[in-house]
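Participant: Could you look at this predicted model? Sequence included:
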Amino acid sequence: ATGRTGVVLATSGPGATNLVTGIATAYMDSVPMVAFTGNVATTLLGKDSFQEAYIEGITMPITKHNYTVRRVEDLADTMRAAFRIAQSGRKGPVLVDIPKDVTAAVCEFTPKEPELIRTVTSYNEEDVQKAAAMINEAKRPIVYFGGGVRSAAGCQPLRDLLTKADIPATYTLMAAGVLSYGEEHNLGLLGMHGCYTANKAIDEADLVIAQVNQNMPRTLGDSFLHVTRFDCIVESCTPVIELPPPKISQVERAIGQNVAQLVRDGDTLQLGIGAIPDAVLLFLKEKNDLGIHTEMLCDCYLDMYRAGKITNKRKDIDRYKSVFGFAIGSEDLYDWVRENPGVVTYPISYCNAPSTVRNIENFVSINNCISVDLYGQICAESAGTRQISGTGGQLDFLEGAAVSPGGKAFICLTSTFTDKQGEMVSRITPLLNPGDIVTDPRSLAYYIVTEYGGVNLVGCSTWERAERLISVAHPKFRDELVEHARQQGIWIRSNKR
C-alpha cells in the first residue's frame with residue numbers, strides 16, 4: 001500500500017516455488033516487487049539436481065521480467081535493472097534467480113546513482129479525438145476516475161474538462177479530494193466506498209469513462225460493475241489511502257463502557273466514525289456471537305473478529321456475513337475484505353435502508369453527535385452555521401433500530417468541550433444554538449450516553465427528557481440547565497431531588 005518496491009527472499013527448490021501464488025497476485029494487482037530466489041550451482045543447472053527448480057521458466061508468465069544471474073559481476077547491474085523495471089510503466093513483480101556459487105563469489109563493486117524512472121507523457125492524438133467524439137455524442141456522460149489523476153498531476157486538467165464539457169464525475173477513495181464536496185460536478189464516491197447518487201448515475205449514464213486502480217481490494221457481495229459497462233478505461237496503480245485508528249481518551253473510554261454494558265450476546269452492530277464507537281468495542285471482549293451490519297467498516301471490527309467475537313451466526317438476514325457499505329482503515333483491513341465471502345459490501349441503498357434493518361433482530365446502532373438540547377433534538381452535523389459533517393447514515397439506522405425487534409440506538413457524546421478561549425462548554429444545551437442542524441428529531445432520540453451515564457428517552461414526556469438529560473450532563477452545568485429548563489416551562493419543582 002506504500003507504493004514502494006517490496007523485496008522477497010526465498011531458498012532454492014520448494015522455497016522458490018512457494019512464491020508463485022504471491023508473485024501471481026502481485027502481477028495481477030500491479031504491485032512492484034523484486035523476488036530473489038536461490039538455486040543450485042551454475043554447473044548443476046539443467047541436470048535435475050537436488051533442490052533445483054526452473055523458477056525462471058515457471059514465473060515467466062506472471063512477472064514483468066526475470067533473470068538468472070550466472071556471473072557475480074552481473075549481479076549489481078541485474079538488481080538495479082530489476083528494481084527499475086518493477087517501478088516503471090505498469091508496476092509489477094520481477095524475479096532474480098541466483099545460483100549458489102554466484103552468492104558465494106566475490107568481485108569488485110562500483111556504486112552507481114539510482115536511475116531516474118521517467119514517466120511516459122506522450123499520447124495518441126487519434127485516441128484523444130475518438131474520446132472527444134464519444135463525449136460530444138453522449139447525452140448523459142459520466143467520468144469515473146481514481147488516484148492516478150493526482151499522481152499524474154492531472155487534477156486541474158480534469159476539473160477543466162468537467163467544467164467545459166459539463167460532465168458529472170464520480171471517483172474512487174484514492175481520488176477523494178480531487179474534487180471538493182461543494183463542486184458542481186461532484187457526485188461522490190463509487191465502488192467499495194459506495195455512494196447511492198454515484199451508483200445510480202452510473203446506471204443511467206450512456207457514456208462512462210473509468211479510471212481504475214489495481215490496488216483497490218476486490219470485495220464480494222453486490223459490488224460489481226461489469227467491464228462492458230465502461231466505454232473507456234484508464235488504469236492506475238496508486239496506493240490505497242489508509243486511515244490510522246483514532247486515539248481514545250479516558251472520557252471516551254468511559255462512554256464506551258457505559259454503552260457496552262447494554263450490548264447483549266448475539267446483537268448485530270452498526271458503529272459510526274470516531275473514537276467513541278471504537279471505545280465501545282474495547283469493552284465488548286466478553287460478548288459472543290456478535291454480528292456486523294454497518295455503513296462504514298473500520299479496523300475496530302477486524303480486531304473483534306480476530307478475538308473471535310464476530311460470528312454473524314444469529315443474524316436473521318445475511319447470516320454468517322459481515323455486511324458493510326464502504327471500508328476505510330489499515331492495509332490489514334483491506335486484506336481482510338479482499339475476496340472474503342464472509343465480509344461483503346452492498347449498496348448504501350441496502351445497508352442503510354430502515355426496511356432492511358428492521359428485519360434484523362437485536363440490531364444495535366451506535367453513533368456520536370456534537371450536541372443535544374433538553375428536548376432531545378440531536379445535532380451531528382454543524383457547530384452553528386459551520387458545517388462539520390453530513391447526515392450520513394445516522395438517521396437511517398435510528399429509524400431501523402426503532403422497529404428492529406429488540407433493537408437499540410445509542411447517540412454518544414462527551415459532556416463538554418473546550419472552546420478557543422479555553423473555556424469549558426456543555427454539549428447538552430437548553431436549546432440548540434442558532435444555525436445548529438437537527439440531524440435527528442427528538443422523536444427518534446433513544447439512548448443518550450455521556451461519560452456520566454446513559455438515559456433512555458423513549459416514551460418520556462418533555463419534562464422527563466429534560467430531567468434525564470441533565471442527569472448525564474457535566475455536574476458543573478446541571479444547576480444552570482435546570483434553571484433554563486424552568487424558564488422554558490419543562491421543569492417542575494418535584495423534579496429536583
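Facilitator: That came in fine, so what should we check first?
Participant: Helices of the stretch 251-400 of the chain, start to end?
Facilitator: 275-282, 299-306, 331-337, 348-351, 354-357, 394-403 (DSSP state H, counting those that start in this stretch).
Participant: out of these, which comes closest to residue 84?
Facilitator: helix 331-337 (25.0 Å; Cβ to Cβ). C-beta: built from backbone N, CA, C; applies to glycine.
Participant: confidence score at residue 152?
Facilitator: You'll see residue 152 listed with a pLDDT of 60.
Participant: ok so, going back, of the helices of the stretch 251-400 of the chain, which approaches residue 211 most closely?
Facilitator: Ranking these by proximity to residue 211 (Cβ to Cβ) places helix 331-337 first, at 19.1 Å.
Participant: what's next to that closest one, contact-wise?
Facilitator: Residues from elsewhere that reach helix 331-337 (Cβ atoms under 8 Å, 6 or more residues apart in numbering): 1, 192, 217, 219, 240, 242, 297-299, 302, 305, 324, 327, 343, 345.
Participant: Name the residues of that helix that come out as buried.
Facilitator: By 16 or more other Cβ atoms under 10 Å, the buried positions in helix 331-337 come out as 333, 334, 336, 337.
Participant: Could the C-alpha coordinates of it be exported in CSV?
Facilitator: Taking C-alpha atoms only, helix 331-337 is exported to CSV below (Å, rounded to 0.1, in the frame of the first residue of the first chain):
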residue,chain,number,x,y,z
GLU,A,331,-3.8,-2.3,5.0
ASP,A,332,-4.8,-5.2,7.3
LEU,A,333,-8.5,-4.2,7.0
TYR,A,334,-8.2,-4.1,3.2
ASP,A,335,-6.6,-7.5,3.2
TRP,A,336,-9.5,-8.8,5.3
VAL,A,337,-12.2,-7.6,2.9
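Participant: what about residue 42, distance to residue 63?
Facilitator: 21 Å (Cβ to Cβ, to the nearest Å).
Participant: The two: who's more crowded?
Facilitator: Using other Cβ atoms under 10 Å as the criterion, residue 42 and residue 63 rank with residue 63 on top: 24 against 15.
Participant: Spit out the contact partners of that one.
Facilitator: Residue 63 sits next to 23, 27, 92, 93, 94, 95 when contact means Cβ under 8 Å, 6+ apart.
Participant: Need the three-state assignment for the closest residue to residue 361 other than its chain neighbours.
Facilitator: In this structure, residue 361 finds its nearest non-sequential neighbour in residue 405, 4.7 Å apart by Cβ to Cβ, 6 or more residues apart in numbering. When classified by DSSP: H, G, I helix; E, B strand; the rest coil, residue 405 comes out as coil.
Participant: For this protein, which residue occupies the most central location?
Facilitator: residue 328 (1.4 Å; Cα atoms, centre = their mean).
Participant: Tell me how many other residues crowd the residue nearest to that one when sequence neighbours are not counted.
Facilitator: The shortest distance from residue 328 to any non-neighbouring residue, by Cβ to Cβ, 6+ apart, is to residue 243 (4.9 Å). Close neighbours of residue 243, defined as other Cβ under 10 Å, add up to 14.
Participant: Quick check: pLDDT value at residue 243.
Facilitator: For residue 243, the pLDDT comes out at 81.
Participant: Any figure for the gap between it and residue 330?
Facilitator: 8 Å.
Participant: do the same with residue 471
Facilitator: Taking Cβ to Cβ, one finds residue 471 at 39 Å from residue 330.
Participant: Same check on residue 276?
Facilitator: Counting by Cβ to Cβ, the separation of residue 276 from residue 330 is 19 Å.
Participant: where in the stretch 51-200 of the chain is pLDDT low?
Facilitator: 114-123, 147-148, 150-153, 173-174, 191-196 (pLDDT under 70).
Participant: now do 80
Facilitator: The model of the stretch 51-200 of the chain has pLDDT under 80 over residues 89-90, 109-124, 127, 146-154, 172-177, 181-182, 189-200.
Participant: what about the helices in it?
Facilitator: 55-58, 75-87, 100-104, 125-137, 148-151, 155-165, 196-204.
Participant: Pull the distance from the second one to the chain's centre.
Facilitator: I take that to be helix 75-87. 34 Å (Cα atoms, centre = their mean, to the nearest Å).
Participant: which SS state does residue 9 fall under?
Facilitator: Going by three-state DSSP, the secondary structure assigned to residue 9 is strand.
Participant: I'd assumed residue 19 was in contact with it.
Facilitator: No: contact criterion Cβ atoms under 8 Å: residue 9 and residue 19 do not qualify, at 9.6 Å.
Participant: Could you pull up phi and psi at the residue nearest to residue 328?
Facilitator: When read as degrees, to the nearest 10, the backbone of residue 243 gives phi -120, psi 110.
Participant: check contacts around it.
Facilitator: By Cβ under 8 Å, 6+ apart, the neighbours of residue 243 are 298, 328, 329, 330.
Participant: State the distance from the last one to residue 245.
Facilitator: Counting by Cβ to Cβ, the gap from residue 330 to residue 245 is 8 Å.
Participant: list the residues that contact both of the two?
Facilitator: residue 299.
Participant: what ranges do the strands span in the stretch 301-450 of the chain?
Facilitator: Remark: strands assigned in the stretch 301-450 of the chain by DSSP state E, counting those that start in this stretch are 322-327, 343-345, 363-368, 371-373, 378-379, 382-383, 386-387, 408-412, 416-418, 424-426, 428-429, 447-450.
Participant: With mean neighbour count and mean pLDDT as added columns, please give those strands in JSON lines.
Facilitator: As requested, the strands of the stretch 301-450 of the chain are arranged in JSON lines below (neighbours: other Cβ atoms under 10 Å; pLDDT from 0 to 100):
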{"stretch": "strand 322-327", "mean neighbour count": "25", "mean pLDDT": "91"}
{"stretch": "strand 343-345", "mean neighbour count": "23", "mean pLDDT": "93"}
{"stretch": "strand 363-368", "mean neighbour count": "27", "mean pLDDT": "94"}
{"stretch": "strand 371-373", "mean neighbour count": "23", "mean pLDDT": "95"}
{"stretch": "strand 378-379", "mean neighbour count": "26", "mean pLDDT": "94"}
{"stretch": "strand 382-383", "mean neighbour count": "18", "mean pLDDT": "88"}
{"stretch": "strand 386-387", "mean neighbour count": "11", "mean pLDDT": "85"}
{"stretch": "strand 408-412", "mean neighbour count": "25", "mean pLDDT": "95"}
{"stretch": "strand 416-418", "mean neighbour count": "14", "mean pLDDT": "93"}
{"stretch": "strand 424-426", "mean neighbour count": "14", "mean pLDDT": "95"}
{"stretch": "strand 428-429", "mean neighbour count": "22", "mean pLDDT": "96"}
{"stretch": "strand 447-450", "mean neighbour count": "23", "mean pLDDT": "96"}
